[in-house]
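Engineer: Structure here, sequence nowhere to be found:
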């Protein structure tokens, strides 16, 4: 799978991913009003608005980008209807040729991680039929439970040609509380990075592994070291833009081949219309605003790598 | 919320929780056959069988137990239909007066954890209406991202009278890979335990906190220390039975008041009919087998505390 993602990144010359994280406050009012008119003040109406919003952004940007990263939490907040909206968003993005990275941060003990892997990137048999339930291309995974929580995902990556990104050093302010604590003189995230390298050896796909890592743009010094620890792992880099990460901070996440990193922006793209810089598009032009923001982001990131 | 759970534990004299983790291999064949006859070899058929299976177990045990713990991964493996089956299971259990502990192990950066908390234990407003999307009573939370990933859950606990159990030391074989690593001479899980105590002070409900912890029955020596580190936190103890934890190992998880721990069993109860000890019930008597297994488990656990 990682070779497929790399091919798309090279085709579009855009090592970026658009985070489809539809917070209620991002939704253009007219979309929610329309949906409520049809379905009342219901969870289903909110989800209809979310799907329409996402489709607008996908339509306006799919020719420029290799991938989208829907954050499942922003859909789970609406319950079952939200999970259906997540699935519809993933399917629509795939129909437009995009790689779908499900930001699900799952992780559990062996058999349970196996069920998550089956549901999200694998297949399940019911009688003589086989189904791919959520059918994302790649997902994010939480490593706190250790190898037996991650291995079932790797097994499914190998069986179904999929990929994962394991949380190593997250972008949030308190990520250091546990991740930075020193063990034998080295921070925990480095030990997790070493495990990612080891896990990744079991799922190589060309020059890179299907087992990547999440390292926040907000911690470039740590990114530099992690880049060296995991040379064959793609790094999914959140935290650019709204969270404070700058293009100049991103250089260290790339390898000398210009590959090895894919930078995410969520609100910077999908809520661009709320940004003064793109205000001329107005709420009705939210999708066009996203397109402009994508173009600007690609130029910014490519200036750094 | 924890005071509500404690009241139910005392009423039933049963500090146990039944894990509703319907793996495909546990499903009685006749239930799946019936569902396939009606809906074909589909994900929906499998989910119908799962819900019927769960309802049978709940009907046969609800008078004996305080709570159930559905493991959402076992539902997500069926995609959207599975998530709807999860919700139906939670709702049915609540209608029978049971506390529902959603084993979701979510955790993310601040606003995203906020969305998970909203969806699972909180409420969301659509126009003038307020909804509780999944409406579990308590959920499990992954601490790898630190305080800003956990705080949104605590805020919702306080707003909506709910509870959480934070992963501290998990029951699986490789949990030690990161959790046992020593930081300033002490294992990571102890530091997480100290954070749980600190977080818990912000959500007290009687003698105990709404912020509990997950500590595996498979690690009793560590449980003993963690019991002392987090005296006001309820410990949710997985790993009893099928995973190898024994009643004699459980004493250390309880406080001297006989409270402070709730022990989970999943396959030991829900797949009891596959166990030689309860084979006389047969597949058709799977629910009755579960009832007998619950009675035996309660006697076993109460002999230890």
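Structural biologist: It's in. None of these values were measured; they are calculated from a predicted model.

Engineer: When you work out contacts or count neighbours from here on, use the C-alpha atoms and nothing else.
Structural biologist: Will do.

Engineer: Now the closest residue to residue A:239 other than its chain neighbours. Its backbone dihedrals?
Structural biologist: Leaving aside its sequence neighbours, residue A:239 sits nearest to residue A:217 (C-alpha to C-alpha, 6 or more residues apart in numbering or on different chains; 5.0 Å). Backbone geometry at residue A:217, expressed as degrees, to the nearest 10, gives phi -60, psi -20.

Engineer: how close does residue A:217 get to chain B?
Structural biologist: Computed with C-alpha to the nearest C-alpha, to the nearest Å, the distance linking residue A:217 and chain B is 14 Å.

Engineer: which residues in chain A form strands?
Structural biologist: A:16-20, A:67-70, A:99-106, A:124-126, A:129-131, A:138-141, A:163-169, A:182-183, A:186-187, A:204-205, A:208-215, A:233-237, A:261-265 (DSSP state E).

Engineer: and these as CSV, adding mean pLDDT?
Structural biologist: Shown next, in CSV, are the strands of chain A (pLDDT from 0 to 100):
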stretch, mean pLDDT
strand A:16-20, 98
strand A:67-70, 98
strand A:99-106, 98
strand A:124-126, 97
strand A:129-131, 98
strand A:138-141, 98
strand A:163-169, 98
strand A:182-183, 95
strand A:186-187, 96
strand A:204-205, 98
strand A:208-215, 98
strand A:233-237, 98
strand A:261-265, 97
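
Engineer: Next, format those as a markdown table and append mean neighbour count.
Structural biologist: Formatted as a markdown table, these follow (neighbours: other C-alpha atoms under 10 Å in any protein chain shown):
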| stretch | mean neighbour count |
| --- | --- |
| strand A:16-20 | 26 |
| strand A:67-70 | 27 |
| strand A:99-106 | 24 |
| strand A:124-126 | 17 |
| strand A:129-131 | 14 |
| strand A:138-141 | 26 |
| strand A:163-169 | 28 |
| strand A:182-183 | 19 |
| strand A:186-187 | 14 |
| strand A:204-205 | 18 |
| strand A:208-215 | 28 |
| strand A:233-237 | 27 |
| strand A:261-265 | 25 |
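
Engineer: For chain B, what is the nearest residue in the stretch 101-250 of chain A?
Structural biologist: At 3.6 Å from chain B, residue A:119 is the closest residue in the stretch 101-250 of chain A, using C-alpha to the nearest C-alpha.

Engineer: Count the neighbours of that residue for me.
Structural biologist: Per other C-alpha atoms under 10 Å in any protein chain shown, the neighbour tally for residue A:119 reads 26.

Engineer: same check, this time on the one 3 residues further on
Structural biologist: Using other C-alpha under 10 Å, residue A:122 is surrounded by 27 other residues.

Engineer: now residue A:276
Structural biologist: 8.

Engineer: Please name the residues that touch it.
Structural biologist: By C-alpha atoms under 8 Å, 6 or more residues apart in numbering or on different chains, residue A:276 lies in contact with nothing.

Engineer: same deal with residue A:207?
Structural biologist: Neighbouring residues of residue A:207 by C-alpha under 8 Å, 6+ apart: residue A:232.

Engineer: One more pass at 10 Å, please.
Structural biologist: Residues near residue A:207 by C-alpha atoms under 10 Å, 6 or more residues apart in numbering or on different chains: A:2, A:3, A:231, A:232, A:233, A:260.

Engineer: before we move on, what about residue A:49?
Structural biologist: Neighbouring residues of residue A:49 by C-alpha under 10 Å, 6+ apart: A:22, A:24, A:27-36, A:43, A:55, A:85.

Engineer: Also residue A:135?
Structural biologist: A:87, A:90-91, A:94, A:100, A:102, A:118-123, A:162, B:79.

Engineer: Kindly reformat these as CSV containing distance to residue B:176.
Structural biologist: Listed next are these as CSV, based on distance: C-alpha to C-alpha, whole Å:
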residue, distance to residue B:176
A:87, 35
A:90, 35
A:91, 38
A:94, 38
A:100, 32
A:102, 27
A:118, 25
A:119, 27
A:120, 26
A:121, 27
A:122, 27
A:123, 30
A:162, 27
B:79, 31
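
Engineer: Spell out the residue ranges of the helices in chain A.
Structural biologist: A:2-12, A:29-39, A:43-61, A:73-76, A:80-95, A:110-121, A:147-160, A:176-179, A:188-200, A:220-229, A:267-270, A:286-304 (DSSP state H).

Engineer: Going by neighbour count, list what's buried in the last one.
Structural biologist: Along helix A:286-304, these residues count as buried under the neighbour rule (16 or more other C-alpha atoms under 10 Å in any protein chain shown): A:286-294, A:297-298, A:301-302.

Engineer: and if you look at the first one?
Structural biologist: For helix A:2-12, a neighbour-count test (16+ other C-alpha under 10 Å) marks A:2, A:3, A:5, A:6, A:8, A:9, A:12 as buried.

Engineer: Please tell me how far the second one sits from chain B.
Structural biologist: With the distance defined as C-alpha to the nearest C-alpha, residue A:3 ends up 26 Å from chain B.

Engineer: wait, which of the helices of chain A is closest to residue A:243?
Structural biologist: Among the helices of chain A, helix A:267-270 comes nearest to residue A:243, with 9.3 Å by C-alpha to C-alpha.

Engineer: Any part of the closest one near chain B?
Structural biologist: No - taking C-alpha under 10 Å from any C-alpha of the partner chain as the criterion, helix A:267-270 and chain B are apart, separated by no less than 11.8 Å.

Engineer: Burial check on residue A:244, number of neighbours?
Structural biologist: Count around residue A:244 with other C-alpha under 10 Å applied: 10.

Engineer: Distance check, it against residue A:268.
Structural biologist: According to C-alpha to C-alpha, to the nearest Å, residue A:244 stands 11 Å off from residue A:268.

Engineer: ditto for residue A:214
Structural biologist: Distance, residue A:214 to residue A:268, by C-alpha to C-alpha: 19 Å.

Engineer: Equivalent analysis for residue A:71, please.
Structural biologist: Note on residue A:71: its distance to residue A:268, by C-alpha to C-alpha, is 15 Å.

Engineer: Thank you kindly, that will do.
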